[in-house]
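Q: from the sequence below, what's the structure:
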Amino acid sequence: MNGDPNGGGPAETLSPALPNETEEAAEALLKLCCDADLKIATAESCTGGLLASLLTDVEGASHAFERGFVVYSEDAKCELLGIAREKIDSCGAVSRDVAIAMAEGAIAQSSADIALAVTGYAGSAPPGDEPGLVHFGCARRGGETRHREEHFGDLGRGPIRLKTIAVALDMMREAVHGG
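A: Below you'll find the model as predicted:
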């Protein structure tokens, strides 16, 4: 399903770097959202907007993607998503609590029905922290917020980001089905 370099594929901008199954998952998610009349949003730290970029590369489904927040810094998480500084100071920016707060903040700051948040270490981690640790939060408006924690290992920034995107797409698909 990779698009050709001259255009025409479902995710032609990122296509050369993405596994086929990731592109197919993004296209399937957006189709599900369109069919269910649902909007999605993203709040990304360690992926730096890669998920939002992938979702906007799929032609014909723009009404399903509401917005994306790239909140790489702690200040951005607080300012754009309304996370209390105390939460980040007590839990750490890469934590279950912050991932959940990011997803819930993205729902509160948008008109999306589903918001997916990622925060983690795509590359090396500070001393005492784990390279490849990523926390995910997935909120559904009026429903529960789910958390997932992945330990991808010290694979390098690119591979960890790609694995993170795959998990994020899966979590959003589950949220669409979960009603």
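
Q: the longest helix in the protein is where?
A: Assignment by DSSP state H gives helix 157-178 as the longest helix of the chain.

Q: now the nearest residue to residue 165 once chain neighbours are set aside, what's its secondary structure?
A: Spatially, and ignoring its direct neighbours in sequence, residue 165 is nearest to residue 51 (5.5 Å; Cβ to Cβ, 6 or more residues apart in numbering). Glycine gets a C-beta too; all of them are placed from N, C-alpha and C. Assigned by DSSP: H, G, I helix; E, B strand; the rest coil, the conformation of residue 51 is helix.

Q: so where's the chain shaky on pLDDT?
A: By pLDDT under 70, the weakly predicted segments of the chain are 1-15, 179.

Q: all strands for this structure, in order.
A: Using DSSP state E, the strands of the chain run over 40-44, 65-70, 114-120, 133-140, 145-151.

Q: other SSEs contacting the fourth one?
A: Okay, so that is strand 133-140. Other helices and strands packing on strand 133-140, by 3 or more Cβ pairs under 8 Å, 6 or more residues apart in numbering; DSSP states H and E, are helix 96-108, strand 114-120, strand 145-151, helix 157-178.

Q: one more pass at 10 Å, please.
A: strand 40-44, helix 96-108, strand 114-120, strand 145-151, helix 157-178 (3 or more Cβ pairs under 10 Å, 6 or more residues apart in numbering; DSSP states H and E).

Q: among these, show me which one is buried the most.
A: Greatest average neighbour count among those goes to strand 114-120 (a mean of 30), per mean count of other Cβ atoms under 10 Å.

Q: what angle sits between it and strand 133-140?
A: 170 degrees (axes from the mean of the first three to the mean of the last three Cα atoms, to 10 degrees).

Q: strand 114-120 pairs with which strands?
A: Paired strands of strand 114-120, with direction, are strand 40-44 (parallel), strand 133-140 (antiparallel) (DSSP bridges).
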